[in-house]
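Asker: starting from these lines, generate the structure:
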Amino acid sequence: SMKDKGIMPTAIAYNAAISACEKGLNPSKALEIFDEMKREGVRPTVVTFSALISACEKGQQWKLALQVLEEMKTTFGPNVIAYSA
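Answerer: Residues are numbered from 1 along each chain as shown. All right, here's what the predicted structure looks like:
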């Protein structure tokens with residue numbers, strides 16, 4: 001976890017880690033980080049969801065991307081940032 005590595009668990013830190021997974025084509029790790037974020041009580045932002053959707057898309061995990069989009073819609077409603085991810 002980020003705490004174990006001495007990193008303050010903020011939405012910005014988690015978003016950066018999820019974005020790195022997108023660039024590394026590792027959607028499963030991005031999802032692990034997203035789950036850790038929620039377990040640690042850090043509230044995902046629209047940017048979080050957008051980065052996770054992009055990670056799923058780049059990793060060709062279309063069904064997972066759609067599931068994340070649905071979760072985002074229940075949290076924030078439709079959002080132009082996520083729809084353009």
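Asker: so E40 touches I7, yeah?
Answerer: No - no contact is recorded between E40 and I7 when judged using CB atoms under 8 Å, the distance being 11.0 Å. All C-beta spots, glycine's among them, are computed from the backbone N, C-alpha and C.
Asker: so which residues of the chain form strands?
Answerer: In the chain, no strands are defined using DSSP state E.
Asker: just give the nearest non-adjacent residue to M2, would you?
Answerer: Excluding the flanking residues, the one nearest M2 by CB to CB, 6 or more residues apart in numbering is P9, at 4.5 Å.
Asker: what do you get for E57?
Answerer: Residue nearest to E57 in three dimensions, not counting chain neighbours: A65, with 5.2 Å by CB to CB, 6+ apart.
Asker: same question for N26.
Answerer: Here the residue nearest N26, using CB to CB, 6+ apart, is G59, at 6.8 Å.
Asker: one more: T75?
Answerer: P44 (7.2 Å).
Asker: verify the contact between I33 and S19 for me.
Answerer: No - if you go by CB under 8 Å, I33 and S19 don't touch, sitting 10.1 Å apart.
Asker: great, nothing more from me.
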